[in-house]
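> One predicted model, sequence on top.
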Amino acid sequence: MRELVFKALTAGSSNKRDLCIQETVEKDGVIANTQRRCQYFVLARVHMEEGENMDTMVSCRFNDIPHKKKHYYVLKTHDAATGKDKLLCKVAGVFYALSGSEVYCIAFVHTLKILFTVAGAPKS
């Protein structure tokens with residue numbers, strides 16, 4: 001059995017984009033539920049003047065936005081009673097995108113969740 005679900009959500013203000021892919025696969029008595037999710041938030045948009053240095057412009061015009069370093073974490077859990085294994089990987093940070101003469105400051109969160117369950121195992 002293989003099931004694939006794709007979702008693309010945009011907030012009314014269009015400053016947020018949420019993409020999600022869910023997949024369920026059953027093979028050799030093990031069910032794997034996988035979810036990949038990418039969230040993007042436009043924090044600011046600035047018009048760049050012609051001849052302006054992008055590095056200088058970003059450092060002075062995006063001063064008031066809290067810039068955080070990219071960070072990530074990995075969490076793995078195992079429940080011996082139910083036989084479930086869970087893996088969670090998450091990455092978050094900020095990047096800049098240039099479109100024409102507009103510079104966008106975009107925060108992102110990427111998440112990967114995998115849940116392994118033995119077929120026929122008790123559900124919690």
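That came through fine. Treat the numbers as computed from the prediction; the structure is a model and nothing was measured.
> Next one, pLDDT for the one residue sitting closest to the centre of the chain please.
For the chain, the residue nearest the mean C-alpha position is H110 (1.9 Å; CA atoms, centre = their mean). Here the pLDDT value assigned to H110 is 94.
> just T77 next, same as before
For T77, the model assigns a pLDDT of 93.
> just K16 next, same as before
We have a pLDDT of 86 for K16.
> which stretch of helix or strand covers the nearest residue to it once chain neighbours are set aside?
Leaving aside its chain neighbours, K16 sits nearest to F41 (5.3 Å; criterion: CB to CB, 6 or more residues apart in numbering). No exception for glycine: its C-beta is placed from N, CA and C like everyone else's. Using DSSP states H and E, F41 sits in strand 30-47.
> That strand pairs with which strands?
If you go by DSSP bridges, strand 30-47 pairs up with strand 16-27 (antiparallel), strand 102-118 (antiparallel).
> picking that back up, run through the residues that contact the nearest residue to the residue nearest to the centre of the chain once chain neighbours are set aside.
Once flanking residues are discounted, H110 sits nearest to V91: 4.7 Å by CB to CB, 6+ apart. Applying CB atoms under 8 Å, 6 or more residues apart in numbering, we find V91 in contact with K70, H71, Y72, F108, V109, H110.
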